[in-house]
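Peer 1: Sequence first, predicted coordinates after that:
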Amino acid sequence: MAVNAARDLPKAVAAIAIVALAFLPMAKMPAFYESFIYLIFFWVSLSTSWALLSGFAGYFSLGHAAFFGVGVYATAALTTKFGVPFLMTVPIAAVLAALLAAGIGAVVFRLRRLRGELFALLTLAVTFVIATIILNTPIDGGGGVFMSAVPLPHLMPTQTGTIYILGFAMCVLTLATAWWVAHSRLGLGLFAIHDDEDVAEAKGVPTFRYKIAAFALSAAIAGAVGGIHAMYVGFITVAGTFELTVGLYVVLMSVLGGARHWLGPAIGATAITALLYAFISGGEAIMGRAIVGLILIAAILWLPDGVIPAIQGWLKRRRAAPVTTRAEVVPVVPTTAPQISERSILQVRGVTKRFGGLQALAGVDLDVREGEIFGLVGPNGSGKTTLINVISGFYPLTSGTITLDGAEIGRDPAHEIARRGVARTYQIPRPFVNMTVLDNVALCATFGGPARSQAEIRDEAMHWIGFTGLGGKEDVLPAGLNLHERKFLELARALAARPKLLLLDEVLSGLNPTEIDNAIRLVRAIRAQGATIIFVEHLMRAVVELSDRVAVLNEGKLFALGAPREVMRDPRVVSIYLGKAYAA
Amino acid sequence: MPSATLLGQALISGVLAGGMYGLLALGLSLSWGLLRLVNLSHFALAFLAAYLTYELGTTYHVAPWWAAAMIVPVMFLIGIAQHWLFDKFKVNELASLLITFSFAVILEVAIQLYWTADYRRFETHYSTMSIKAGPFYIPVLELALCMVAGVLAWGTWLWLRKTYVGKALRAAAEDADIAAAYGVDHKKLAYLLSGMGAAYAAIAGTFIALIATLAPTQIWAWLGVVFAVVIIGRLGNPLGALLAGMLIGASESIAMAVFEPAWAPVVSFSVLIAILLWDPEWL
């Protein structure tokens, strides 16, 4: 009971706070307080909405003012020029802003080389363009728009009370949305995009769609907030609406509070708004700006992740994690003989891949049978990793076809291929650095495997963590793992997706002999679970021990194919590895 | 459609005005491209230098070039101090953007407290001088600005291209750890480069004092355009920054002559958006 009470306490406090804040305008306090609290709601909503894309997925937008401004002017124009009732304009403002964001996103997120800071400046540029268009067209026309004649619905006894309650509703809605996103599949995908977008895509996250969804949602909220704010401001100008500082303040507030946490921006926004207001009401508005600037510098230098993560980290350290002694888990290999069917699960036909003038793959044909362990060897630069990258969809094909289980996958995006049951590991482990081991594995189970409940996904993830010998490290961040453990985390992530076809890219490199034995046993155990495995490896002992068949690539072409011992003894193969002199 | 003379004059004024964009973009481009630090306070430093030039000129009657000679070394040291902070705290790209934004706000406040929010104008007889070339007028100050910007951009470009220092910096920008393993003293070079960036801001500031009207909020006026210029000119490329500045200046000026002056801001950002979407190899 005591545990439940402790857990329910924040909920109870939140519920009481919501009710109390909702009935505050009934108390008939001076309008001054209502507008001050409204401003807090305003900044909380705006900065939280910013964080949905920029905080969660790491694409910093400096152009949040554009979406906010579209909302302001949508309401202003519709109410004053077309007589649309105010409350109806707010959803329209949201939709217009969302459409703008989706349009921008549909174009810019297609750029493969879009770097974070280019996105930031592109959004800034869009803000200037939209501001200029509104200024020079009848939407504003340069004179500003007066809202005083627009009737406000009587939701509360006073005008400011009505605006207050609208701002409050918006704020609650925004925080609820942020909470929902952070705890949903969408949020999980966005966090993965933040850490490593390519890997997220390879693990089955539809990155393009998710980024657009987050961008549109973020803009929709900003648009609605703008619609309400138009009534608060009363007289609307382009200079005031599209002010540079709007876009920067939301960034600063979110970063101060912790942009990756759903509640972080709210904390930052409340702190900064209150601080600025204190200076303004004290007649020190200018000094206030400087002091806020100083506080931000200090916060970014000493709390780079924001206030909330800092508090969370502190609480975690205080709770002093129990010391877990971990027994080395050796995977159990079933004694049943492997079942290799005659049916080929993967057919590669005439696959070529060109990078500018470099021909990395020059017409490769391969058939991989269901249930086999297929070794892929060849000298450095022979195209092994390129082939893995092409099969998993990371590189688009130049020509040729790839068929998985009878379905053509050669031109599908990587996340589709992952969902069809292809999982891969990376030669240099690429874990999601801000996620715990458990979350890393759970993400791959969520996006790669069949649809399941949260609890089932957790169980599945725990199973593979145990299977790869990482039990006891669930709550550790990848930075706390050694190379051996990171390699096994790569395996656990791939396995959690329950792949039909598993692509292993040099899982053994850098491991010591005991670890290699362990890994070899693990690969056998994986096959016994029913997966087909293609593995790229330089370590010949492992290749010979593990593979049912071996393919040798050389200069982007299939050079030899057959049983491991025969292929490795083939003088032609020896010669490409060691030079002609050894081939005799 | 305006006359050929008017268009020609617009082109000349635009290219010359673009020299200012290029000069401001120079320092930004170096620190962003080669140190991976986005320095928003660059504009505030330029305006601080402009106000100092104004103050020295109006109160103490110091000639602008003597003022520049005094201000540039000070700014160089400020640039080094700033980099010390970034270095000590291992600041990344986005954090540098936020920190330097805060710096800029603090500098803006400081300027406003000392010189007030009023508009200030440093009147010199240079501002009205111009050379007549055929039917066109070429303002002397803007011409001098472009020449200085050209010399700085060209010199920096040569320095980066031809000397060990430039190669080392470019290597360190690609991968600081690997470069360090090959004996590149990246840190010392980074300090030098930060100092240079701030010194360029000071030179730009002197010209701002002579050409423009000063007000604290003007710090933010060029931010968007200059960032567009930095990207179009390619990060870390001084000549690219200057050429992009002139390109944007010319297109703005011609747009103003052909359409309405109010549409000018759309030009630079449309060019930027178009280039980003075109995504050419050199970007």
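Peer 2: Received the coordinates, thanks.
Peer 1: And the next helix or strand past the helix or strand bottoming out on mean pLDDT in chain A?
Peer 2: Sorting the helices and strands of chain A by mean pLDDT, DSSP states H and E puts helix A:2-23 at the bottom, at a mean of 76. Using DSSP states H and E, the helix or strand that directly follows helix A:2-23 along the chain is helix A:31-53.
Peer 1: isn't B:Leu30 right up against B:Leu193?
Peer 2: Yes. In this structure, B:Leu30 is within contact of B:Leu193 by C-beta atoms under 8 Å, at 5.8 Å. To be clear about C-beta, it is placed using only N, CA and C from the backbone, and glycine gets the same treatment.
Peer 1: burial measure for B:Val258, as a count.
Peer 2: If you count neighbours by other C-beta atoms under 10 Å in any protein chain shown, B:Val258 ends up with 13.
Peer 1: So what does it look like in phi/psi?
Peer 2: The phi/psi pair for B:Val258 (degrees, to the nearest 10) reads phi -80, psi -50.
Peer 1: and the closest residue to it other than its chain neighbours, helix, strand or coil?
Peer 2: Residue nearest to B:Val258 in three dimensions, not counting chain neighbours: B:Pro2, with 6.6 Å by C-beta to C-beta, 6 or more residues apart in numbering or on different chains. Recorded secondary structure, B:Pro2: coil (DSSP: H, G, I helix; E, B strand; the rest coil).
Peer 1: Which elements pack onto the least confident helix or strand of chain A?
Peer 2: Here helix A:2-23 touches helix A:159-182, going by 3 or more C-beta pairs under 8 Å, 6 or more residues apart in numbering or on different chains; DSSP states H and E.
Peer 1: Now do the buried residues in the helix it packs on.
Peer 2: Of all the residues in helix A:159-182, those buried under the rule 16 or more other C-beta atoms under 10 Å in any protein chain shown are A:160-168, A:170-172, A:174-175, A:177-178, A:181-182.
Peer 1: Strands along the chain, start to end?
Peer 2: I went with chain A, as the question did not name one. Ranges of strands in chain A, per DSSP state E, are A:145-146, A:235-236, A:344-355, A:358-369, A:373-377, A:399-404, A:407-408, A:422-424, A:501-505, A:532-536, A:549-554, A:557-562.
Peer 1: The chain in question should be chain B.
Peer 2: Shown for chain B, the strands assigned by DSSP E span residues B:130-133, B:136-139.
Peer 1: Comparing these, which stretch has the densest surroundings?
Peer 2: Comparing the strands of chain B by mean neighbour count (mean count of other C-beta atoms under 10 Å in any protein chain shown), strand B:136-139 ranks first with a mean of 15.
Peer 1: what about the helices in chain B?
Peer 2: Under the criterion DSSP state H, chain B carries helices at the ranges B:4-35, B:41-59, B:64-88, B:93-115, B:140-162, B:164-174, B:176-181, B:186-211, B:223-232, B:238-258, B:264-278.
Peer 1: and A:Gly375, which of these is closest to it?
Peer 2: Between A:Gly375 and the helices of chain B, the shortest gap by C-beta to C-beta is with helix B:176-181, which sits at 31.9 Å.
Peer 1: ok now that closest one, how far from the chain's centre?
Peer 2: The chain centre lies 29 Å from the centre of helix B:176-181; the measure is C-alpha atoms, centre = their mean, to the nearest Å.
Peer 1: how about the residues of the stretch 151-283 of chain B that lie near chain A?
Peer 2: B:220, B:223-224, B:227-228, B:231, B:260, B:262-263, B:265-266, B:269-270, B:272-273, B:276-277, B:279 (C-beta under 8 Å from any C-beta of the partner chain).
Peer 1: Mind giving me the ChimeraX command for buried ones among the residues you listed?
Peer 2: To isolate the buried members of those in ChimeraX, using 16+ other C-beta under 10 Å:
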select /B:220,223,224,227,228,231,263,265,266,269,270,272,273,276
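Peer 1: Count the residues that sit near A:Ala445.
Peer 2: By other C-beta under 10 Å, 26 other residues sit near A:Ala445.
Peer 1: Which pLDDT value belongs to it?
Peer 2: Per-residue pLDDT puts A:Ala445 at 91.
Peer 1: A:Val351 too?
Peer 2: Listed pLDDT for A:Val351 reads 90.
Peer 1: Specify the beta-bridge partners of it.
Peer 2: When bridges are called by DSSP bridges, A:Val351 pairs up with A:Val364.
Peer 1: Quick check, it in contact with A:Gly400.
Peer 2: Yes. A:Val351 is within contact range of A:Gly400, at 3.5 Å (criterion: C-beta under 8 Å).
Peer 1: For burial, what's the neighbour tally of residue 116?
Peer 2: Using chain A here. As a burial measure, A:Gly116 scores 12 neighbours (other C-beta under 10 Å).
Peer 1: actually chain B
Peer 2: 11.
Peer 1: what does B:Pro2 give?
Peer 2: Residues near B:Pro2, counting by other C-beta under 10 Å, number 12.
Peer 1: same question, A:Gln359
Peer 2: When neighbours are counted by other C-beta under 10 Å, A:Gln359 registers 16.
Peer 1: Next up, the contacts around it.
Peer 2: By C-beta atoms under 8 Å, 6 or more residues apart in numbering or on different chains, the residues touching A:Gln359 are A:Thr352, A:Lys353, A:Gly556.
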